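S.K.: build me a structure from this.
(2 chains)
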Number of protein chains: 2
Amino acid sequence: MASPLVKRYEGNPILTHSDVPYPVATVHNAAVVKHDGKYVMLFRAHRENGRSILGLADSDDGFSFTPRPEPFMVPVADGPFGEYEAFGVEDPRICHIDGEYLITYSAYSKHGVRIGLAKTKDFVELERVALITQADLRNVVIFPKKFNGKYVRLDRPHSEISPWSIWISYSPDLVHWGESRVVMKPVQYHWDEMKIGPGATPIETRQGWLHIYHGVFPTMDGSVYRLGVALHDLDDPSKVLSVSDRWIL
Amino acid sequence: MASPLVKRYEGNPILTHSDVPYPVATVHNAAVVKHDGKYVMLFRAHRENGRSILGLADSDDGFSFTPRPEPFMVPVADGPFGEYEAFGVEDPRICHIDGEYLITYSAYSKHGVRIGLAKTKDFVELERVALITQADLRNVVIFPKKFNGKYVRLDRPHSEISPWSIWISYSPDLVHWGESRVVMKPVQYHWDEMKIGPGATPIETRQGWLHIYHGVFPTMDGSVYRLGVALHDLDDPSKVLSVSDRWIL
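M.R.: The predicted structure is shown next:
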């Protein structure tokens, strides 16, 4: 493609499993945020038993990252979170709001995959808040701004009769969620026809909230994941103003 | 079976579609509650296009019911409920709490099946409150008592990796729900091995909350639905004290 909107960094990969100072088999599905003038990356890593933890790497410039000596988040042994994280914690997203960083992550267990919510102010102390979905639901991003006093998220419930679409939900307290509505569905015979889901935390622009989402196209040789962009109304993020026809990556 | 716990009434059926004074093809999936010393039944009925509405029938004795001249609840044409009720309203449950009757029902549309919550004080005026699940989720019952200031419900999310189990969820306001946990799963090679789900509104007894749930067993000639009983702790309904090994109907 000529003149792509998004270019891959020629120095990729910026982090590999051999950079990590504890034993992991992979490094993938990262989230990055600017904190105190530096960059913090949370990344998912498979341990050698095939189950995931979250690591943290620091960077001054956003290109060169140094993982910390210990994992940032591992499954807890007991309590309400322990039962639902037993198979691992995965796929972090970070939202900066009201001086805190909200981290949504996938909690995997024999009960399926749910979304957990944790928060931190400094990326040292981490507090688990709640499990905010039932099973089977991945890919939740929270808007970095409240609307009418409520937190707002994009999520992706999946069922046979309502497959893999993007919904919006609201919460007064981060724990209890509701007022859900579908906002985007896969488009037939299009690059995202199999499924779509939230990608990164939406970015505020003058034209609207820019949401980089993911879409999947099925092929005989497996599924192809790509990124697309949608623009949500600044004041009412349940309104999708437009969606790019083409993928960006 | 000798000495069954539950006996079918010899006067069944107590209501048929021909008793209903407007055109319907079926009468089924009813909920009954005592109101002002009489009995009120909400029933699901298929219209002749295959989509459902809710009817209401009154009774002095709980055996002989007279349907009212008009349906009690039909899909609304527009607004947030209209989009999700377009294919019909189904399967009511009634919970009497704080002088009001909460009605949970299935709202069917092209987006799948969700649970709607409506309330009434007199079974004349009906107010829709919220859609309280995403898709695909049926079978929500609300406990007729608050616990630590919160409403509590049993629900039945379904996904491939966490099929058809009974979960518990909490809400401060009936609109936003969370703190979900699984409380009962299907039992392998048992009458309820395929799926289970909430049945009727739990009944308070001295020993605990009696919950009549439904379980399904797959056969080569279709699925067999039966009712079972579980006892939940009086003070903490997320604790299942015991589950009857046998079905009751």
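S.K.: report the central residue of chain A.
M.R.: residue A:93 (3.6 Å; C-alpha atoms, centre = their mean).
S.K.: tell me what the helix or strand of chain A with the lowest mean pLDDT is packed against?
M.R.: Lowest mean confidence among the helices and strands of chain A (mean pLDDT, DSSP states H and E): strand A:195-197, at a mean of 90. Applying 3 or more C-beta pairs under 8 Å, 6 or more residues apart in numbering or on different chains; DSSP states H and E, we find strand A:195-197 packed against strand A:209-219. For glycine as for every other residue, the C-beta is placed from the backbone atoms N, C-alpha and C.
S.K.: average pLDDT for the strand it packs on?
M.R.: What strand A:209-219 shows for mean pLDDT is 93.
S.K.: quick one: the least confident helix or strand of chain A to chain centroid distance?
M.R.: 13 Å (C-alpha atoms, centre = their mean, to the nearest Å).
S.K.: show me what secondary structure element comes after that strand.
M.R.: Counting by DSSP states H and E, the next helix or strand C-terminal to strand A:195-197 is strand A:203-204.
S.K.: strand partners of that next one, parallel vs antiparallel please.
M.R.: strand A:209-219 (antiparallel) (DSSP bridges).
S.K.: how distant is the strand it pairs with from the center of its chain?
M.R.: Relative to the centre of its chain, strand A:209-219 is centred 12 Å away, using C-alpha atoms, centre = their mean.
S.K.: how about residues contacting it?
M.R.: Outside of strand A:209-219, the residues within contact range by C-beta atoms under 8 Å, 6 or more residues apart in numbering or on different chains are A:139, A:141, A:143, A:154, A:164, A:166, A:184, A:186, A:191-200, A:202-204, A:223-234, A:237, A:247-248.
S.K.: then it to CSV, C-alphas only?
M.R.: The C-alpha trace of strand A:209-219 is given here as CSV (Å, rounded to 0.1, in the frame of the first residue of the first chain):
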residue,chain,number,x,y,z
TRP,A,209,-12.9,10.2,20.2
LEU,A,210,-10.6,8.2,18.0
HIS,A,211,-11.0,4.5,18.7
ILE,A,212,-8.6,2.1,17.1
TYR,A,213,-10.5,-1.2,17.1
HIS,A,214,-9.6,-4.6,15.8
GLY,A,215,-11.3,-6.6,13.1
VAL,A,216,-11.0,-10.2,11.9
PHE,A,217,-11.4,-11.8,8.5
PRO,A,218,-11.6,-15.6,8.3
THR,A,219,-9.4,-17.4,5.7
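S.K.: export the helix or strand that that strand is followed by to PDB, keeping only CA atoms.
M.R.: Counting by DSSP H and E, the next helix or strand C-terminal to strand A:209-219 is strand A:222-232. In PDB, the C-alpha atoms belonging to strand A:222-232 read as follows (Å, rounded to 0.1, in the frame of the first residue of the first chain):
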ATOM      1  CA  GLY A 222      -6.600 -19.000   9.800                       C
ATOM      2  CA  SER A 223      -7.900 -15.600  10.800                       C
ATOM      3  CA  VAL A 224      -6.300 -12.300   9.900                       C
ATOM      4  CA  TYR A 225      -6.400  -9.600  12.500                       C
ATOM      5  CA  ARG A 226      -6.200  -5.900  11.400                       C
ATOM      6  CA  LEU A 227      -6.700  -2.500  13.000                       C
ATOM      7  CA  GLY A 228      -9.400   0.000  11.900                       C
ATOM      8  CA  VAL A 229     -10.500   3.400  13.200                       C
ATOM      9  CA  ALA A 230     -13.800   4.800  14.300                       C
ATOM     10  CA  LEU A 231     -14.700   8.300  15.500                       C
ATOM     11  CA  HIS A 232     -17.200   8.700  18.400                       C
END
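S.K.: pairing partners for strand A:222-232, with directions?
M.R.: With DSSP bridges as the test, strand A:222-232 pairs up with strand A:209-219 (antiparallel), strand A:240-243 (antiparallel).
S.K.: and residue A:188, how many neighbours?
M.R.: 7 (other C-beta atoms under 10 Å in any protein chain shown).
S.K.: how close does it sit to residue A:194?
M.R.: Distance of residue A:188 to residue A:194, computed by C-beta to C-beta, to the nearest Å: 10 Å.
S.K.: out of the contacts of strand A:209-219, which are buried?
M.R.: A:139, A:141, A:143, A:154, A:164, A:166, A:184, A:186, A:191-192, A:194-200, A:202, A:227-232, A:234, A:237, A:247 (16 or more other C-beta atoms under 10 Å in any protein chain shown).
S.K.: can you give me the helices for chain A?
M.R.: Taking DSSP state H, the helices of chain A run over residues A:79-85.
S.K.: show me which residues of it sit near chain B.
M.R.: Within chain A, the positions adjacent to chain B are A:80, A:111-113, A:130-137, A:155, A:157-162, A:165, A:167, A:169-173, A:175-182 by C-beta under 8 Å from any C-beta of the partner chain.
S.K.: keep only those of the residues you listed that are in strands.
M.R.: Here DSSP state E is the test, and those give A:112-113, A:130-131, A:155, A:167, A:169-171, A:176-182 as lying in strands.
S.K.: any chance of a PyMOL selection covering the buried ones in those residues?
M.R.: Buried members of these, defined by 16+ other C-beta under 10 Å, are picked up in PyMOL with:
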select buried, chain A and resi 112+113+130+131+155+167+169+170+171+176+177+178+179+180+182
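S.K.: tell me the least confident of the ones in strands among the residues of chain A next to chain B?
M.R.: residue A:112 (87).
S.K.: what's next to stretch A:35-48, contact-wise?
M.R.: A:15, A:17, A:20, A:23-34, A:52-62, A:65, A:71-73, A:88, A:90-92, A:94, A:96, A:101, A:103, A:123.
S.K.: for chain A, give me the ranges with low pLDDT.
M.R.: Scanning chain A for pLDDT under 70 picks out the ranges A:1-3, A:159-162.
S.K.: hang on, the earlier thing: check contacts around the residue nearest to the centre of chain A.
M.R.: A:31, A:103, A:104, A:105, A:140, A:141, A:142, A:198, A:200, A:201 are the contacts of residue A:93 under C-beta under 8 Å, 6+ apart.
S.K.: redo these as TSV? Include distance to residue A:150.
M.R.: As requested, these are exported to TSV (distance: C-beta to C-beta, whole Å):
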residue	distance to residue A:150
A:31	23
A:103	19
A:104	16
A:105	22
A:140	15
A:141	15
A:142	11
A:198	18
A:200	21
A:201	17
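S.K.: for those residues, which one is nearest chain B?
M.R.: Nearest to chain B among the contacts of residue A:93: residue A:140, at 11.9 Å, using C-beta to the nearest C-beta.
S.K.: just to revisit the earlier point, can you tell me how far the residue nearest to the centre of chain A sits from chain B?
M.R.: Applying C-beta to the nearest C-beta, to the nearest Å, the value for residue A:93 to chain B is 18 Å.
S.K.: what does residue A:41 give?
M.R.: 29 Å.
S.K.: same deal with residue A:88?
M.R.: 14 Å.
S.K.: report how many residues lie close to that residue.
M.R.: 23.
S.K.: contacts only, for residue A:73.
M.R.: Residue A:73 neighbours (C-beta under 8 Å, 6+ apart): A:42, A:53, A:54, A:89, A:92, A:103, A:105, A:118, A:126.
S.K.: quick one: contacts for the third one?
M.R.: For residue A:54, the set of contacting residues under the criterion of C-beta under 8 Å, 6+ apart consists of A:42, A:43, A:44, A:45, A:71, A:72, A:73, A:74, A:89, A:90, A:92, A:105.
S.K.: skipping adjacent residues, who's closest to it in space?
M.R.: Computed as C-beta to C-beta, 6 or more residues apart in numbering or on different chains, the closest residue to residue A:54 that is not its neighbour in sequence is residue A:73, at 4.0 Å.
S.K.: measure that neighbour to chain B for me?
M.R.: Applying C-beta to the nearest C-beta, the value for residue A:73 to chain B is 21 Å.
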